[in-house]
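> Build me a structure from this.
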Amino acid sequence: MSSSNGEKHPFLDDLADDAELRGTVLRRPVSGRDNIKRLVEAVGALYASQTPTFYGAIDERHFLQYKATLRAGLDLEAVGVIERDDTGLVRRVTMTFAPLDAAVSLSAGLGAVVGKTFGDDLLYEASVNEVAAS
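Numbers count the residues shown, from 1 in each chain. Here you go, the predicted structure:
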């Protein structure tokens, strides 16, 4: 799902300036194209592997599903709902992650990588090792 192989990313390439990202690993929404790109890139850095399993659309809503393994060793499944406007720009992305231990581990890992950039109130604060060991 990354654009590093030359393919178009499911939503990063079309983000509106004021786009919003919501997700189960976030305590609040993240707004703005640059902020969303920075956060998504940080998520990718925490994956040991990622395998797309579904991508489809119904009107302006696009759906993305993938499996990943975190560098911490936990398996993760993700589902994204990508909402586009009538011009094709992405206005909102909502990501859900499961199971809970992997989602909390991802949030904690993000906190270690980009927590200072986005503030203390965005991500879970436990040690990734602490979450993975529970």
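> quick check: longest helix of this structure.
Longest helix in the chain by number of residues, with DSSP state H as the criterion: helix 100-118.
> so how far is that one off the chain centroid?
Here helix 100-118 is found 11 Å from its chain centre; the criterion is Cα atoms, centre = their mean, to the nearest Å.
> What of stretch 94-105?
Put simply, stretch 94-105 sits 10 Å off its chain's centre (Cα atoms, centre = their mean).
> buried sites along that stretch?
By neighbour count with 16 or more other Cβ atoms under 10 Å, stretch 94-105 contains the buried residues 95, 97, 101-105. In short, each C-beta sits where N, CA and C put it, glycine included.
> What separation do you get for residue 122 and residue 97?
For residue 122, the distance to residue 97 equals 15 Å [Cβ to Cβ, to the nearest Å].
> which element is the residue nearest in space to the middle of the chain on?
Of all residues in the chain, the one closest to the mean position by Cα atoms, centre = their mean is residue 40, 5.2 Å from it. Assigning secondary structure by DSSP states H and E places residue 40 in helix 33-45.
> That'll do, ta.
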